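# Sequence first, predicted model second:
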Amino acid sequence: MKKIIVTGHPKTGYKEIYNLLKPLMANHENIKLEKVVYKDEILLEDEAAFIFVYCAPEIAINNILGKQPVNQQALETSSAQLRQTYSKILWFYYRNQERCFLLNPEAISNNEADLINQLNTQFNIKLSHEHLSFVPEEERFSSVGAVLTHFLLEDHARPIQAIYDELESIAHIPAIHDNMGFETKSAAYKAYQDLQHQLAHQTAEIQRLEENTNHTQKIEQIQQQYQEQIKKNEEQTQENKLLELQLHQIQEELEHYLSERQKIETQKAQETNHLKKIEEIQQQYQEQIKKNEEQAQENQLLELQLHQIQEELEHYFTKSKQLSVPRISGLAEYVIDFRDEVNGTSWYYAEKMGRWAGPLSISTLKIPSLGAGSFVIELHVNSTLDLNILREMQLNINGKPCTISQDWKKLPARIHAEFSTSSTDTQQQWELEFKFPKTITPSEVSDSDDERKITICMRSLRVSKKREHAKPLFLIYKDDIESDVKRYLKTKKITYKLNPFRLVKKVIR
């Protein structure tokens, strides 16, 4: 008995070929016809003959994907599987040509006789092609799907197309025309037009059905309302006369209500106008109060500025005398503004906020001698990149260490130090030596391009004789109005407003 196996990749049409040949071979007891989806194991049957069914890649992959979502991975997987199957069929065909028959089902329509004749010749059998008609499955080939799949496979088409072309070149019955030729594209466009017409027809039909459904629902609602109305009419027949009397009464009440409502609306409009006028007066009153408060605050600030200007003149007069006389016996205090010139070493240029110490870890200052006694040094430090530099700072006066009070909490900070001198001290100048644990370069700790080696930024320094039970002194500069003056005025319970005019430094005791 001769065994013939019809096989192929899934969705390539091998089942249709099997269904076509099965009735013809039913009367041949010496021929056994089987259909099997392609797998490598069937090639191990040495005595069997094979009808290998294949089709164009775009048709096979379109049928394989079906209705599932199309993505890159699905295309790559399906094209790789199809390429592998076609490659193995070619490999087997070249080694067993006498047992193989290559068939493209797209070439069978109106050509069934040629198929039977070539099968008889290849396998030495006798089949009749009378009353034979090949009817392909409608769902297996979609011209629209094939065209779209062809464009999706552009990136993967070259290797699999080469294998398909080789199959076509050696097939017993190859395809009659190019699957992506004018006929296929025309059929795809015709199918696309049919889909559009079908969609338009279905849309119109759905709209018609929806309208009919709405009409039916409305008719049912009207019928229900009609029945309810009949029932109500029957119930109200005996009450008609009473309703007529009630209607007249309601009309009279309605007229009275409308008249009263008109009066209320008129009164409401008058009250609304009165409320608007009251709100306008209140707003004007609040604005006047605010202007008065602002004027009072400006007056207080102007008075404070007058005192500041007077004391600044006194300060510069004192400083002028200090600069002209190296040492004045009995000088009570000495003040350095680091935004002015300083007499010392290891200091950078003056800035708006003061002057940075550096580049060395030791900076010095020279000031006139204030004589013998106990003194207090008040340092106004604006900034530092590392608080430990300020905490570990050491201060020496004429080579002798000073006691520094580290009672500050945040920057800007005011730091106090105390020292004493004897009557035997005959130096005309004192040397203040600031020792810092380290220096810092801003560009190393931030996005700044500043390459300087700095420690702390000083705003001012005051050296004064120590007083018993003296109130603390505060130096207020024009740039500190946002902090020091504000806190001072707040403690004195004085209302204030920041004035855009120039503020000068002020000593508040």
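That came through fine.
# packing partners for the helix or strand encompassing Leu245?
Leu245 is located in helix 240-324, with elements delineated by DSSP states H and E. When contacts are defined as 3 or more C-beta pairs under 8 Å, 6 or more residues apart in numbering; DSSP states H and E, helix 240-324 packs onto strand 333-337, strand 506-508. Backbone N, C-alpha and C define where each C-beta goes, glycine included.
# So which residue is dead centre in this protein?
Centroid check for the chain by C-alpha atoms, centre = their mean gives Asp447 as the closest residue, at 25.8 Å.
# Tell me how far the helix holding Leu245 lies from the chain's centre.
Chain-centre distance of helix 240-324: 44 Å, with C-alpha atoms, centre = their mean, to the nearest Å.
# in the stretch 51-200 of the chain, which ranges drop under the pLDDT threshold?
Scanning the stretch 51-200 of the chain with the threshold set as pLDDT under 70 gives 66-68, 109-110, 129-158, 176-194, 196-197.
# ditto for the stretch 251-400 of the chain
Counting by pLDDT under 70, the stretch 251-400 of the chain has low-confidence residues at 318, 320-331.
# which residue ranges form the strands in the stretch 351-500 of the chain?
Assigned by DSSP state E, counting those that start in this stretch, the strands in the stretch 351-500 of the chain fall at 354-357, 362-368, 373-384, 394-397, 400-401, 403-405, 413-421, 429-435, 456-465, 474-476.
# Ok, the stretch 51-200 of the chain next?
Taking DSSP E, counting those that start in this stretch as the criterion, the stretch 51-200 of the chain carries its strands at 100-103.
# can you give me the helices for it?
57-65, 72-95, 112-123, 143-152, 157-170, 182-236 (DSSP state H, counting those that start in this stretch).
# Tabulate the ones you listed (JSON lines), appending mean neighbour count and distance to Asn104.
Listed next are those as JSON lines, based on neighbours: other C-beta atoms under 10 Å; distance: least, C-beta to C-beta, whole Å:
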{"stretch": "helix 57-65", "mean neighbour count": "24", "distance to Asn104": "10"}
{"stretch": "helix 72-95", "mean neighbour count": "16", "distance to Asn104": "12"}
{"stretch": "helix 112-123", "mean neighbour count": "16", "distance to Asn104": "11"}
{"stretch": "helix 143-152", "mean neighbour count": "19", "distance to Asn104": "14"}
{"stretch": "helix 157-170", "mean neighbour count": "15", "distance to Asn104": "7"}
{"stretch": "helix 182-236", "mean neighbour count": "11", "distance to Asn104": "14"}
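# can you list the domains in this protein?
The chain is divided into the following domains under the TED database: 2-180, 200-307, 338-467.
# what would these look like in TSV with distance to Ala332?
Shown next, in TSV, are the domains of the chain (distance: least, C-beta to C-beta, whole Å):
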stretch	distance to Ala332
domain 2-180	88
domain 200-307	20
domain 338-467	6
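# Just tell me which of these ends up closest to Leu313.
In terms of C-beta to C-beta, the element of the domains of the chain nearest to Leu313 is domain 200-307, at 11.0 Å.
# Residues contacting stretch 91-110, please?
Stretch 91-110 is contacted from outside by 12-13, 16-17, 20, 43, 48-56, 59, 89, 115, 118-119, 122-123, 134, 136, 141, 167-168, 170-176, 179, using C-beta atoms under 8 Å, 6 or more residues apart in numbering.
# 7 Å - rerun?
For stretch 91-110, the external contacting residues (C-beta atoms under 7 Å, 6 or more residues apart in numbering) are 13, 16-17, 43, 49-55, 115, 119, 122, 134, 136, 167-168, 170-176, 179.
# next one: it to chain centre, how far?
Taking C-alpha atoms, centre = their mean, one finds stretch 91-110 lying 58 Å from the centre of the chain it belongs to.
# now stretch 233-252
That offset, for stretch 233-252, works out to 69 Å (C-alpha atoms, centre = their mean).
# Name the residues of that stretch that are buried.
By neighbour count on 16 or more other C-beta atoms under 10 Å, the buried set for stretch 233-252 is empty.
# Convert that stretch to CSV, retaining C-alpha atoms only.
The C-alpha coordinates for stretch 233-252 follow below in CSV (Å, rounded to 0.1, in the frame of the first residue of the first chain):
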residue,chain,number,x,y,z
ASN,A,233,-59.7,60.8,34.4
GLU,A,234,-62.1,58.2,35.7
GLU,A,235,-61.0,59.0,39.3
GLN,A,236,-61.3,62.7,38.8
THR,A,237,-64.7,62.8,37.1
GLN,A,238,-66.5,63.3,40.4
GLU,A,239,-64.1,66.1,41.5
ASN,A,240,-64.3,68.3,38.4
LYS,A,241,-66.7,70.8,40.0
LEU,A,242,-64.5,71.1,43.1
LEU,A,243,-61.4,71.5,41.0
GLU,A,244,-63.0,74.4,39.1
LEU,A,245,-63.7,76.2,42.4
GLN,A,246,-60.1,75.5,43.6
LEU,A,247,-58.8,76.8,40.3
HIS,A,248,-60.4,80.1,40.8
GLN,A,249,-59.1,80.3,44.4
ILE,A,250,-55.6,79.4,43.2
GLN,A,251,-55.7,82.1,40.6
GLU,A,252,-56.6,84.7,43.1
